[in-house]
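Peer 1: below are the sequence and a predicted model for it; my questions follow.
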Amino acid sequence: MNAKTGKTGQCLCGKVKFRLTDEVHEVGACHCDMCRRWGGGPFLEIRCMGPVEFEGEEHIVRYRSSDWAERGFCGVCGSNLFYCIVPDGPYMMSVGALEDQTGLKFTSQVFIDEKPDWYAFANKTKNMTGAELFAMYAPQDGEKS
């Protein structure tokens, strides 16, 4: 990996490494059923609007979890790495895979309407239901979906 600025991270076994090309500071949580099933709890993520540089990409397994998104994990150790809007939308990288987590702030939660009753975060965040989130990203009149 080159020496560009940006946070770096890796999977548990180190076969997959990544560098974020944009500066990110905000952490979000997704409480949807798929994220909870995928990782045993909410998916805590960093949204990357710029490209993500991967090393060891041959070890990444991509699973198309819906018509418009895929999830990536390390095929060697199984670490969850990202959720990505397809075909080339933003990556939501697993915050737990970051090497340096200083300077991050927990700012948002999505699919709050699907969050089970048995846990709650104390942080003050922007909360959105699934319907509100889909409304933000639904194609506008005249756009293809």
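Peer 2: Happy to help now that I have it.
Peer 1: as a check, name the ranges of all strands in this protein.
Peer 2: Ranges of strands in the chain, per DSSP state E, are 8-10, 17-20, 26-30, 43-48, 52-55, 60-64, 69-74, 80-85, 91-94, 105-110, 126-128.
Peer 1: can you tell me which of these is nearest to residue 119?
Peer 2: Closest of those to residue 119 is strand 26-30, at 10.4 Å (criterion: Cβ to Cβ). For the C-beta atoms, the positions are set from N, CA and C on the backbone; glycine is no exception.
Peer 1: what are the pairing partners of the closest one, and which direction each?
Peer 2: Next to strand 26-30 in the sheet, as set by DSSP bridges, lie strand 43-48 (antiparallel), strand 105-110 (parallel).
Peer 1: run the chain-centre distance for the first one.
Peer 2: Going back to what we said before, that points to strand 43-48. When distances are taken as Cα atoms, centre = their mean, to the nearest Å, strand 43-48 is centred 4 Å away from the chain's centroid.
Peer 1: what's the burial count for the spatially closest residue to residue 103 that is not a sequence neighbour?
Peer 2: Nearest non-adjacent residue to residue 103, counting by Cβ to Cβ, 6 or more residues apart in numbering: residue 25, 5.8 Å away. Burial of residue 25 is recorded as 11 neighbouring residues (other Cβ atoms under 10 Å).
Peer 1: contacts only, for residue 25.
Peer 2: By Cβ atoms under 8 Å, 6 or more residues apart in numbering, residue 25 lies in contact with 103, 104, 105.
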